[in-house]
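*Asks:* Here you go, sequence then predicted model.
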Amino acid sequence: MDYCYNQGDIIYDTDVDLSNALYDKGDEIQDHLQDGDLTDEEVEQYETDIRDDVSLGGGFYVGGDLLDAEGNNLPYDVVSKTYPLERQADGTYTGVFKAQNRANLVHADARAGIYFTRFDQTFKSNQQYRRFVTPAYNTHPLVADAVQDYQMIGGEMRVTLNPKDSTIVFDPIDYAWHDRVFVCGSIINTDGNEHRWKNDEMAPLEHVGDGLYVGTVRFFEDYVYPGYATFIVMASRSTLSDEENSTVTRPGWLEASYATTETDGYLTLGEYMTDLVRGWGNQHRLRFEWPSGSGATDYVVSFNMNTRSICVKPSGDSDYDAVQQVPEALVQTNGVYNLAGQKMSKNRLSKGIYIVNGKKVVY
């Protein structure tokens, strides 16, 4: 009731019809309270119906870095009614939206930020380092008045919002991926010189499909951390220049960096490290043990942005071939699956690597 009256006052000068509708609804609620003519269950349903009444400005809507019906960018901070969510019989809210494609852009522009609104409330994530949406990591907390956007590279999403258990599920219809990501750390540049922690594009990993990025990187023993090579993965460009191996350094906050929650994440060669987090910058590093007395050496880095995992193996060592490994659960499985283990329609495959009847196939 108070919300209806207060909101009616706020918008009276800009939308008198909606303001009057809110006043009327406030009077209606007051009458019910005075008469006591609703059961507890009816009161709960009545409140839900008010919150979802579009004529009162209610309902859930998608906001953020979105596209309109013509494919134009919508401003992030303007609450839009372009993408309403529809209430379902089970109490969830569903809908489809299109986020701006931020693939291959620079710094913080390399991701779209998404949030949800209902009346005067905003719903976001409370997970600062685990809020990036991918096909494999698609279920996130839904928190009123939180401050962390849901992030994604871009594409078309079907969402299921559940206010009862405070979750939002993103089901990608079309997901965008970067063409490449970049390794920064104790690496050797193309001239054969040490290129330690420059936070640039000297060591790219190429996208081979479904969020998996692979490349050969020449590392050296990090003299600041003797006995180890150290690095992070950066999932944004440092420059929009088309030049290979750009040496334009990213800013120090490095929002698109991938590492671990620990200050140092210790990798075992040939094994995937999982549960990487995004946004710690180079304060948190990945490292692997360096053979005593060895000079600069090539290693194959396989980074799966979809599953937030990474593997490093010696170059040319087939025993460690992370790219060719098929997930054990899919070896005896018929059908077509992506590298995250999701079943795919064979008639709607984009270019990339897929698991077909238990074997890797390039389309």
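*Replies:* All right, it came through fine. Numbers count the residues shown, from 1 in each chain.

*Asks:* make it CA atoms for all contacts and neighbour counts henceforth
*Replies:* Will do.

*Asks:* and the longest helix anywhere in the chain, what does it pack onto?
*Replies:* With secondary structure taken from DSSP state H, the chain has its longest helix at helix 16-35. Here helix 16-35 touches helix 2-11, going by 3 or more Cα pairs under 8 Å, 6 or more residues apart in numbering; DSSP states H and E.

*Asks:* Could you pull up the contacting residues of residue 96?
*Replies:* Residue 96 makes contact with 83, 85, 156-159 under the criterion Cα atoms under 8 Å, 6 or more residues apart in numbering.

*Asks:* Give me the mean pLDDT for the helix or strand containing it.
*Replies:* If you go by DSSP states H and E, residue 96 is part of strand 93-99. Mean per-residue pLDDT for strand 93-99: 97.

*Asks:* For that strand, C-alpha coordinates in CSV please.
*Replies:* Taking C-alpha atoms only, strand 93-99 is exported to CSV below (Å, rounded to 0.1, in the frame of the first residue of the first chain):
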residue,chain,number,x,y,z
TYR,A,93,9.3,-16.1,-14.8
THR,A,94,10.6,-16.8,-18.3
GLY,A,95,11.6,-14.9,-21.4
VAL,A,96,14.2,-14.4,-24.1
PHE,A,97,16.6,-11.5,-24.5
LYS,A,98,19.5,-10.4,-26.8
ALA,A,99,22.7,-9.1,-25.2
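
*Asks:* by contact count, what packs against whichever helix or strand comes after it?
*Replies:* Using DSSP H and E, the helix or strand that directly follows strand 93-99 along the chain is strand 112-118. Strand 112-118 sits against strand 60-64, strand 121-124, strand 150-152, with contacts defined as 3+ Cα pairs under 8 Å, 6+ apart.

*Asks:* and residue 357, which of the ones you listed is closest to it?
*Replies:* Among the helices and strands packed on strand 112-118, the nearest to residue 357 by Cα to Cα is strand 150-152 (30.2 Å).

*Asks:* what's that closest one packed up against?
*Replies:* By 3+ Cα pairs under 8 Å, 6+ apart, strand 150-152 packs against strand 112-118.

*Asks:* Quick one: distance of the strand it packs on to the chain centre.
*Replies:* 13 Å (Cα atoms, centre = their mean, to the nearest Å).

*Asks:* Excluding its own residues, what touches it? List them.
*Replies:* 51, 58-66, 76, 79, 99-102, 122-124, 149-154.

*Asks:* With only the CA atoms kept, save the longest helix of the chain in PDB.
*Replies:* Below are the C-alpha coordinates for helix 16-35, written out as PDB (Å, rounded to 0.1, in the frame of the first residue of the first chain):
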ATOM      1  CA  VAL A  16      -0.500  11.000 -14.300                       C
ATOM      2  CA  ASP A  17      -2.400   8.000 -15.600                       C
ATOM      3  CA  LEU A  18      -0.100   5.500 -14.000                       C
ATOM      4  CA  SER A  19       0.100   7.600 -10.900                       C
ATOM      5  CA  ASN A  20      -3.700   7.500 -10.500                       C
ATOM      6  CA  ALA A  21      -3.700   3.800 -11.100                       C
ATOM      7  CA  LEU A  22      -1.200   3.400  -8.200                       C
ATOM      8  CA  TYR A  23      -3.400   5.600  -5.900                       C
ATOM      9  CA  ASP A  24      -6.400   3.500  -6.800                       C
ATOM     10  CA  LYS A  25      -4.600   0.300  -6.000                       C
ATOM     11  CA  GLY A  26      -3.400   1.700  -2.700                       C
ATOM     12  CA  ASP A  27      -7.000   2.500  -1.800                       C
ATOM     13  CA  GLU A  28      -8.000  -1.000  -2.800                       C
ATOM     14  CA  ILE A  29      -5.400  -2.600  -0.500                       C
ATOM     15  CA  GLN A  30      -6.400  -0.300   2.400                       C
ATOM     16  CA  ASP A  31     -10.100  -1.400   2.000                       C
ATOM     17  CA  HIS A  32      -9.000  -5.100   2.200                       C
ATOM     18  CA  LEU A  33      -7.000  -4.400   5.300                       C
ATOM     19  CA  GLN A  34      -9.800  -2.700   7.000                       C
ATOM     20  CA  ASP A  35     -12.400  -5.300   6.000                       C
END
